[in-house]
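**Student:** let me see the structure of the following:
(one chain, ligands or ions: 1)
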Amino acid sequence: MTTVQPAEFSTLREQFAGKFGDAEGARLFFAPGRVNLIGEHTDYNGGLVFPAALTFGTYAVVKPRTDGLYRFRSLQFAAEADTPVDRVAYAAEDDWANYPKGVLSELLQLDGGVYTANLRGADVLYFGNVPNGAGLSSSASIELVTALALTAIAGLTIPTLTLVKLSQRAENRFVGVNCGIMDQFAVGMGKRDHAVMLKCDTLDYQYVPFRIDGCKLIITNTNKRRGLADSKYNERRQQCEDGLKWIREKLPQLGSLGELSIEQWERVRDAIPDPLIAARVQHVVTEDARVLEARSRLEQGDLAAFGKLMNASHESLRDLYEVTGFELDTLYEVASAIDGCIGTRMTGAGFGGCNVSIVRDDAAEAFQREVAERYTAQTGLVPSFYVCEIGDGAKELRWD
Ligand code: GLA
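**Tutor:** Numbering: from 1, shown residues only. This next block holds a predicted model:
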């Protein structure tokens with residue numbers, strides 16, 4: 001367990017008491033946001049991703065109840081939800097609280113409902129410092145912190161990987177967002193100072209030390225809101241499925257686009273009559289190869305080559321997959337032109353949200369100043385910067 005910073009969180013217990021009456025016996029849990037270093041729009045294609053957990057995320061103060069009532073409150077959001085355990089249902093007006101409710105719903109169904117008797121109610125207060133809707137997985141962090149907290153206070157020890165999959169199901173089936181597994185995996189399984197290389201069809205994974213000596217990892221928020229649910233995300237998924245269907249006419253055994261090597265793809269690409277769909281597949285296949293190469297480059301300490309792969313990833317997402325848009329492309333242009341920027345790309349689903357860059361220490365301040373100036377001049381938006389560290393996945397924290 002890690003100790004939280006008292007200065008920042010000294011009031012959390014009081015705030016909990018203010019909302020629920022009494023904080024005696026309350027426990028504290030945390031789940032991070034995530035940044036994806038490379039491997040975008042590959043997870044739902046069974047391909048490779050290379051994300052890392054951040055040190056900011058969502059905190060949950062939790063106290064058990066015994067009357068079967070779950071009460072969810074937040075310090076950021078106005079909506080409040082009181083949910084009896086036998087009536088967990090989606091409600092639009094519950095807004096953000098549909099994430100914890102979705103997790104609860106999945107917990108109740110886990111392994112045929114064997115844990116239902118343990119799930120006897122809780123009061124939960126959330127506090128998050130991941131910017132919302134910015135592509136840094138604020139929703140996955142709410143899901144994982146809920147899954148961990150509700151099982152822990154119920155006396156259940158459930159493997160993190162089970163909680164990861166369950167959280168994805170909550171988002172897919174309860175909230176109705178058809179995301180892949182990357183966000184929940186990184187948020188649940190992340191490891192301090194490591195990136196996680198994950199093969200999304202088998203869930204085989206490997207921790208790779210994230211050594212960027214002499215550089216900083218800087219996230220830049222376009223501050224253009226990204227609406228994943230109403231975006232073109234599902235359309236891209238469908239296009240990949242269409243591509244797979246056509247390719248299967250030549251390679252009937254192919255399980256997913258993530259199994260397709262570049263060489264195989266070159267041989268079968270004529271199977272796809274629609275150039276737009278072919279471009280989508282081309283992105284997925286080449287992005288997968290970039291992830292593999294990025295891992296080797298990182299292991300070799302070749303940051304320059306790693307950075308070039310980040311740039312190539314952005315250009316592929318811009319030109320072939322078409323999920324960047326004016327703001328992200330403007331950030332990419334201005335960031336990549338700055339001396340000392342080793343690599344830069346959009347991160348997450350795209351359509352707004354954030355960019356991630358590796359920047360030399362001595363250039364980090366100028367980077368933020370110049371990117372802000374040029375980006376604002378071109379877009380009229382003021383970007384935010386987060387110089388970040390790579391942290392651990394979801395865990396319980398101590399109060400003292
Ligand atoms: C969102 C989804 C992920 C993944 C990325 C794109 O973050 O939640 O599952 O598909 O977009 O790589």
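
**Student:** wait, what's in contact with the residue nearest to Glu143 when sequence neighbours are not counted?
**Tutor:** Nearest non-adjacent residue to Glu143, counting by Cβ to Cβ, 6 or more residues apart in numbering: Ser167, 3.7 Å away. For glycine as for every other residue, the C-beta is placed from the backbone atoms N, C-alpha and C. Going by Cβ atoms under 8 Å, 6 or more residues apart in numbering, Ser167 touches 103, 106, 140, 143-144, 146-147, 184, 187-188.

**Student:** strands of this structure, start to end?
**Tutor:** Along the chain, counting by DSSP state E, strands occupy 2-3, 27-36, 48-49, 51-64, 69-74, 81-84, 122-128, 194-199, 205-209, 215-221, 341-347, 354-360, 384-388, 395-398.

**Student:** can I get these in JSON lines including mean neighbour count, distance to Gly325 and mean pLDDT?
**Tutor:** Below are these laid out as JSON lines (neighbours: other Cβ atoms under 10 Å; distance: least, Cβ to Cβ, whole Å; pLDDT from 0 to 100):
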{"stretch": "strand 2-3", "mean neighbour count": "10", "distance to Gly325": "37", "mean pLDDT": "44"}
{"stretch": "strand 27-36", "mean neighbour count": "27", "distance to Gly325": "17", "mean pLDDT": "98"}
{"stretch": "strand 48-49", "mean neighbour count": "27", "distance to Gly325": "21", "mean pLDDT": "98"}
{"stretch": "strand 51-64", "mean neighbour count": "25", "distance to Gly325": "21", "mean pLDDT": "97"}
{"stretch": "strand 69-74", "mean neighbour count": "21", "distance to Gly325": "29", "mean pLDDT": "98"}
{"stretch": "strand 81-84", "mean neighbour count": "16", "distance to Gly325": "33", "mean pLDDT": "98"}
{"stretch": "strand 122-128", "mean neighbour count": "24", "distance to Gly325": "25", "mean pLDDT": "97"}
{"stretch": "strand 194-199", "mean neighbour count": "22", "distance to Gly325": "26", "mean pLDDT": "98"}
{"stretch": "strand 205-209", "mean neighbour count": "15", "distance to Gly325": "30", "mean pLDDT": "98"}
{"stretch": "strand 215-221", "mean neighbour count": "22", "distance to Gly325": "14", "mean pLDDT": "98"}
{"stretch": "strand 341-347", "mean neighbour count": "27", "distance to Gly325": "9", "mean pLDDT": "98"}
{"stretch": "strand 354-360", "mean neighbour count": "25", "distance to Gly325": "12", "mean pLDDT": "98"}
{"stretch": "strand 384-388", "mean neighbour count": "17", "distance to Gly325": "18", "mean pLDDT": "97"}
{"stretch": "strand 395-398", "mean neighbour count": "15", "distance to Gly325": "35", "mean pLDDT": "96"}
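
**Student:** make TSV from those strands and add distance to the ligand to it.
**Tutor:** As requested, the strands of the chain are exported to TSV (distance: least, Cβ to the nearest ligand atom, whole Å):
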stretch	distance to the ligand
strand 2-3	26
strand 27-36	6
strand 48-49	7
strand 51-64	9
strand 69-74	21
strand 81-84	23
strand 122-128	17
strand 194-199	11
strand 205-209	15
strand 215-221	14
strand 341-347	8
strand 354-360	11
strand 384-388	17
strand 395-398	22
